[in-house]
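Peer 1: Got a sequence here, can you build the structure:
(6 chains)
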4 protein chains.
Amino acid sequence: MTPPPERRRELLATAAEVFAAHGYKATTVRRIADEAGMLAGSLYYHFDSKESILDEILSTFLDELWDGYDAVLAAGLGPRETIEALVTESFREIDRHGSAVAIYQKESRHLARQPRFAYLAESQEKFEKAWLGTLERGVADRVFRADLDIRLTYRFLRDTVWVAASWYRPGGQHSPEEIARQYLSMVLDGVAVRAVRAVRENPEPTAKAHSDS
Amino acid sequence: MTPPPERRRELLATAAEVFAAHGYKATTVRRIADEAGMLAGSLYYHFDSKESILDEILSTFLDELWDGYDAVLAAGLGPRETIEALVTESFREIDRHGSAVAIYQKESRHLARQPRFAYLAESQEKFEKAWLGTLERGVADRVFRADLDIRLTYRFLRDTVWVAASWYRPGGQHSPEEIARQYLSMVLDGVAVRAVRAVRENPEPTAKAHSDS
Amino acid sequence: MTPPPERRRELLATAAEVFAAHGYKATTVRRIADEAGMLAGSLYYHFDSKESILDEILSTFLDELWDGYDAVLAAGLGPRETIEALVTESFREIDRHGSAVAIYQKESRHLARQPRFAYLAESQEKFEKAWLGTLERGVADRVFRADLDIRLTYRFLRDTVWVAASWYRPGGQHSPEEIARQYLSMVLDGVAVRAVRAVRENPEPTAKAHSDS
Amino acid sequence: MTPPPERRRELLATAAEVFAAHGYKATTVRRIADEAGMLAGSLYYHFDSKESILDEILSTFLDELWDGYDAVLAAGLGPRETIEALVTESFREIDRHGSAVAIYQKESRHLARQPRFAYLAESQEKFEKAWLGTLERGVADRVFRADLDIRLTYRFLRDTVWVAASWYRPGGQHSPEEIARQYLSMVLDGVAVRAVRAVRENPEPTAKAHSDS
DNA sequence: TATGAATGAGGGTTCATTCAT
DNA sequence: CATGAATGAACCCTCATTCAT
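Peer 2: Purely as a prediction, here's the structure:
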């Protein structure tokens, strides 16, 4: 026996996909209903409004995201390991809630202005605090470079990760963890090859690069 | 005396800002007109439709972008220098056409499906060819790491740059060139501090890398 | 219990009347909705567009018209009887689809240019072929006068019949058949009185005229 | 030197053509201006409004028409000759003011309701009085058949003539007078051939023809 | 005389939403 | 739970008209 929540989740997933593909505003309630095999009016048995569908998609996603983030932040890891864990967690989230992430990317900026979606701004702040704090800790610990504008670095990391939602498709050849590993490798060590002498001292630079990414 | 094209450009700039801030679909033609100090109907003296405004914003931007890119690609630089030049050029474009870039980011995916905006897909392909080709050249020349999935690297670079349009505001404390420099530094060399020994033994690799990046 | 098509037909009839009275272009969709006791937007639940309403009115009418015409043409009647039957059928059509006929009269010329209404031109051609062919047959059989420009005669007959839609109102004192009879009498025999001698030979000219018209 | 009235007449002719081709409502002022080689706004130097252009086209046409009609009616001709003269005059009018006639046909019905175009209704009445009177005179004089509904005959004659404006093009193979002659021949004597014997016995076929038609 | 730019009243259409069945 | 029909606000766009130049 499938409880009502099941159907609800399906509808939310369907809606999220359409929102992600066409944008919230450009998505008609009829389109969602079509995709779900019902008439537009019928959606209102399940949800109050189009906006409340969006709301539920976004808040569900953020709740799950913070479950993961909070666990990482509470684990007492070093700055680099924290960043690595957060990035990995983020890619897992993209894997599971790709549509929600895409919606978030596109719409959160102007949604955050509305009272109903104030939690987006709050999440954003908390997010910034967590990442920026970790980066600062890393700079202090001489794990991260001190010569960079730290806010720029923060935005760089943040965007670099989340933008991946725009092209990532679950079930592709790379697992979220693998993608996270490569992203971290690029972000932390750069895409340029290191100086020749370093290579000499270190016979397998490629392997090395991987081992600590 | 201001020639007619002047007014047109103003209106396009106004429209671009509103589109960028609220999204194309959510932007009403009346809103644009308000912002421009005229009535909605009056816009149609200057433009055929809301869509044609969008079209002109996007195509103008892409034309300018490719003017810059083509010059870079024709200059015969090495792969690393090419990437550096492209990134720098991109940030300059963000500086000048921030709104257009933001619109492009949000809307190009679904717009590209429409015949009218087919040029978006074409540009995208040309873009990919240029960047991917440069990266491949760089890998062959042992300038860029060979252990990374090159398409992943491409997307990483591409997104990382353009997403900046979402927060960049002209006239801020960093010039586009300065931002480009820091981005390149992160992307090419990573944000992590290199191993202590390597730096000591090798007085200038890191420093060198930075100084001319 | 009225099936859904019923409502649709009502709306079409209402729209046809308004179109016929004021012209297609001058008729607002709000006016139609008013007349139908609903709001303008509600019409779009039943029809795609104002144009598709017009389309359905016209094509429904033409379909019915050709049902009648084809039956007549397949009956193997002589030229005069064929003309009589076609005229009678036409007046019946005017009786039942007066509004559609009036719309057709006013709008078909420029509508026929649009691809969507290409069937108007096709119908027109088929119509011309049927009438012209019958007239030619009649001339060959010495039933119709040979001294007239046959295309002129065709237009004369055609217009003479259809223009009646502009003043004909169903439920008037003359039935469509009665009107057809008188029209045929005028068209075939003329409105002028016959020579004196003819009258002498034929004591009841009036009666006679009617009996075989 | 061309006086201003010349330009005015050109513009009116241009407007009349466009009105006739597309309908009054569907014709935009811009379209007229285009056709006249000027901008829409410039028309307002010459005319008060779109409606006043229509007004002038229609009233000019009716004035000329009545000049001709009044001359005919004042000539003291017999009923048949009067009808012949009126029809001939009408075709001449169609030849010269084809567009105006076409506009009149399509628009007069609903225009006549507006006070500004009350003269259309007046003309219509006068028209009806003249034709109907002549017909009645003809019936009394035993020149026209008495067995027909006279109002029906009137409408038949009236429509039959004016509808020709919808296909008549000046400069064609038939002069207006020739077309009038054939129309009159059809209307007065019918399109059916008279009985063979009657023709033989009677040197004036027209007379006999009727008895057996 | 004509232009260029703008006005403002509507017109067709869309769409989230409601509600009786 | 879902449908069918309707609502009503808002949207894009058209077009007759105005007016300073």
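
Peer 1: all helices for chain A, in order.
Peer 2: Here chain A has its helices, by DSSP state H, at A:4-22, A:29-36, A:43-46, A:50-73, A:79-96, A:98-111, A:118-140, A:150-162, A:176-189, A:196-201, A:205-211.

Peer 1: can you pull the pLDDT of A:Ala209?
Peer 2: pLDDT recorded at A:Ala209 is 37.

Peer 1: likewise A:Arg7?
Peer 2: Residue-level pLDDT assigned to A:Arg7 equals 87.

Peer 1: how about it, what does it touch?
Peer 2: Contacts for A:Arg7 were tallied using C-beta atoms under 8 Å, 6 or more residues apart in numbering or on different chains; they are A:His46. Yep, even glycine has a C-beta here, placed from its N, CA and C like the rest.

Peer 1: any idea how far it lies from chain D?
Peer 2: Applying C-beta to the nearest C-beta, to the nearest Å, the value for A:Arg7 to chain D is 51 Å.

Peer 1: do you know how far that residue is from DNA strand F?
Peer 2: For A:Arg7, the distance to DNA strand F equals 6 Å [C-beta to the nearest atom of the strand, to the nearest Å].

Peer 1: In space, what's closest to A:Phe117 - neighbours in sequence excluded?
Peer 2: Nearest residue to A:Phe117 in three dimensions, chain neighbours excluded: A:Leu111, at 4.2 Å (C-beta to C-beta, 6 or more residues apart in numbering or on different chains).

Peer 1: list the contacts for that neighbour?
Peer 2: For A:Leu111, the contacting residues are A:Leu54, A:Leu58, A:Phe117, A:Leu120, by C-beta under 8 Å, 6+ apart.

Peer 1: could the helices of chain A be laid out in a markdown table, adding distance to DNA strand E?
Peer 2: Listed next are these as a markdown table, based on distance: least, C-beta to the nearest atom of the strand, whole Å:
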| stretch | distance to DNA strand E |
| --- | --- |
| helix A:4-22 | 10 |
| helix A:29-36 | 3 |
| helix A:43-46 | 4 |
| helix A:50-73 | 4 |
| helix A:79-96 | 26 |
| helix A:98-111 | 14 |
| helix A:118-140 | 19 |
| helix A:150-162 | 26 |
| helix A:176-189 | 32 |
| helix A:196-201 | 57 |
| helix A:205-211 | 47 |
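
Peer 1: of all those helices, which lies closest to D:His174?
Peer 2: Relative to D:His174, the nearest member of these by C-beta to C-beta is helix A:29-36, separated by 58.4 Å.

Peer 1: any idea how far B:Thr88 is from the nearest residue to A:Asp149 once chain neighbours are set aside?
Peer 2: Using C-beta to C-beta, 6+ apart and skipping the chain neighbours, the partner closest in space to A:Asp149 is B:Gln182 (6.0 Å). Remark: distance between B:Gln182 and B:Thr88 (C-beta to C-beta, to the nearest Å) = 11 Å.

Peer 1: need the contact list for the residue in chain A that DNA strand F sits nearest to.
Peer 2: Nearest residue of chain A to DNA strand F: A:Gly41, at 2.6 Å (C-beta to the nearest atom of the strand). Going by C-beta under 8 Å, 6+ apart, A:Gly41 touches A:Ala33.

Peer 1: Same check on A:Pro79?
Peer 2: By C-beta under 8 Å, 6+ apart, the residues touching A:Pro79 are A:Thr134, A:Leu135, A:Arg137, A:Gly138, A:Asp141, A:Val143, A:Phe144.

Peer 1: Make TSV from the contacts of A:Leu111 and add neighbour count, pLDDT and distance to DNA strand F to it.
Peer 2: Shown next, in TSV, are the contacts of A:Leu111 (neighbours: other C-beta atoms under 10 Å in any protein chain shown; pLDDT from 0 to 100; distance: C-beta to the nearest atom of the strand, whole Å):
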residue	neighbour count	pLDDT	distance to DNA strand F
A:Leu54	23	97	18
A:Leu58	25	97	22
A:Phe117	20	96	19
A:Leu120	20	97	22
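
Peer 1: which one of these sits closest to C:Tyr168?
Peer 2: Using C-beta to C-beta, A:Leu54 comes nearest to C:Tyr168 of the contacts of A:Leu111, at 57.6 Å.

Peer 1: Ramachandran angles for the spatially closest residue to that closest one that is not a sequence neighbour?
Peer 2: Excluding the flanking residues, the one nearest A:Leu54 by C-beta to C-beta, 6+ apart is A:Tyr24, at 5.9 Å. Here the main-chain torsion angles of A:Tyr24 (degrees, to the nearest 10) amount to phi -60, psi -50.

Peer 1: I'd guessed A:Tyr24 sits against A:Asp55; true?
Peer 2: No: contact criterion C-beta atoms under 8 Å: A:Tyr24 and A:Asp55 do not qualify, at 10.9 Å.

Peer 1: domain ranges for chain A?
Peer 2: Using automatic domain parsing, the domain parsing of chain A gives A:1-47, A:48-211.

Peer 1: Per-residue pLDDT of the residue of chain A closest to DNA strand F, please?
Peer 2: Each residue has a pLDDT score; the one for A:Gly41 is 93.

Peer 1: pLDDT below threshold where in chain A?
Peer 2: A:1-4, A:195-213 (pLDDT under 70).

Peer 1: Spell out which parts of it neighbour DNA strand F.
Peer 2: A:Pro4, A:Arg7, A:Met38, A:Leu39, A:Ala40, A:Gly41, A:Ser42, A:Tyr45, A:His46 (C-beta under 7 Å from any atom of the strand).

Peer 1: could you redo the last one with a cut-off of 6 Å?
Peer 2: Chain A comes close to DNA strand F at residues A:Pro4, A:Arg7, A:Met38, A:Leu39, A:Gly41, A:Ser42, A:Tyr45, as judged by C-beta under 6 Å from any atom of the strand.

Peer 1: In this structure the fourth one contacts A:Ala33, no?
Peer 2: Same thing as A:Leu39. Yes: with contact defined as C-beta under 8 Å, A:Leu39 counts as touching A:Ala33 (5.6 Å).

Peer 1: Neighbour count: the two, which is higher?
Peer 2: More crowded of A:Leu39 and A:Ala33, by other C-beta atoms under 10 Å in any protein chain shown: A:Ala33, with 19 against 10.

Peer 1: Who are the contact partners of the spatially closest residue to the more buried one that is not a sequence neighbour?
Peer 2: Distances taken as C-beta to C-beta, 6+ apart place A:Ala40 nearest to A:Ala33, at 4.5 Å, with adjacent residues excluded. By C-beta under 8 Å, 6+ apart, A:Ala40 lies in contact with A:Thr28, A:Val29, A:Arg30, A:Ile32, A:Ala33.

Peer 1: if we go to 7 Å?
Peer 2: Remark: with contacts taken as C-beta atoms under 7 Å, 6 or more residues apart in numbering or on different chains, A:Ala40 is in contact with A:Val29, A:Arg30, A:Ala33.

Peer 1: I'd like to know how far the last one sits from B:Ala26.
Peer 2: Right, A:Ala33. If you measure A:Ala33 against B:Ala26 using C-beta to C-beta, the figure is 21 Å.

Peer 1: So between A:Tyr24 and A:Asp55, which is more surrounded?
Peer 2: Counted by other C-beta under 10 Å, A:Tyr24 and A:Asp55 do not tie: A:Tyr24 has more neighbours, with 23 against 18.

Peer 1: All set, thanks.
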